[in-house]
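Participant: What would the 3D arrangement of this be:
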Amino acid sequence: MRLIQFETVYQIAFMPRIFPVNCYLVEETDDLTLIDTGLNFCWKGILHAASAIGKPIARIALTHPHADHIGSLDKLKEQLPQAVVYISERDSSLMYGDFTLKKGEPKFPVRGGFKKNLQTRADLLVSDGDFIKSLRVISASGHTPGSIAFYDIRSRILIAGDALQTRGGLAVAGDTRILFPFPAVATWHKKSAVRSVERLNELNIQLLAVGHGKVLKTPGPQIERALQRIREKLR
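Facilitator: Below you'll find the predicted structure:
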């Protein structure tokens, strides 16, 4: 495990050289918001990181409910019973095994691995434009129908979940990178992912933090190149 601070955001990187899985702690005045919970063994490292920062985890916000993002949720909720759990309203059904598509959604199968027998229930459902303390919730549909990203309005750090990856080269969800193809394989709808990243790139992003890979500084031009790459593939 590796803990790296970027202003108000701490990246907790698990297995960074093998199969990188990232969680994030966002610092508020009195406490922390955890974004994603990693795999089922990550909970101890997350609690250790929060202890090192010296503030309690008061909230757990999920970008989407794939197993590598909610794997430690039950264990963390057991250890932190007062922590409020957030997920998008759309992806809340996926969290508990209902993969039925909604009216008007592209008729593509929901992909990726999901944790079976999840015990924790979300406390609050969020949508585009909502705030979780200093984090603005931004719809990032594509990887899953209800994927969301979180934009720290203080530091202009975007925590994008799997809407983008940096491992194996910066890529939009659905664009396969040979060195790390897993986010692409688990993506629901590529065209929706492109539209979401186009919108995300309109933000004034100082740092891009993703579920898999290193943090990127001033990523706008690189995101545009990644968009162009997947647009060409989809023609």
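Participant: So what's the model's average confidence on the longest helix seen in the chain?
Facilitator: As assigned by DSSP state H, the longest helix anywhere in the chain is helix 220-234. What helix 220-234 shows for mean pLDDT is 97.
Participant: contacting residues around it?
Facilitator: Residues from elsewhere that reach helix 220-234 (CB atoms under 8 Å, 6 or more residues apart in numbering): 164, 170-172, 174-175, 190-191, 193-194, 197-198, 200-201, 205, 208, 216. The way it works is simple: take the backbone N, C-alpha and C, and place the C-beta from them, glycine included.
Participant: Pull the contacting residues for the residue nearest the centre of the chain.
Facilitator: Nearest residue to the geometric centre of the chain (CA atoms, centre = their mean): Gly161, 2.2 Å. For Gly161, the contact set (CB under 8 Å, 6+ apart) comprises 36, 63-64, 69, 140, 143, 147-149, 210-211.
Participant: coming back round to it: now the buried members of the contacts of helix 220-234.
Facilitator: Among the contacts of helix 220-234, those buried by neighbour count (16 or more other CB atoms under 10 Å) are 164, 170-172, 174-175, 190, 193-194, 197, 200-201, 205, 208, 216.
Participant: residues in contact with stretch 96-103?
Facilitator: 90, 93, 107, 109-110, 114, 116, 118, 145.
Participant: Show me those residues that map onto helices.
Facilitator: Counting by DSSP H, these contribute Ser93 to helices.
Participant: List buried residues within the contacts of stretch 96-103.
Facilitator: 90, 93, 110, 114, 118, 145.
Participant: follow-up on the earlier one: what pLDDT does the residue nearest to the centre of the chain get?
Facilitator: 98.
Participant: Then Lys102?
Facilitator: 95.
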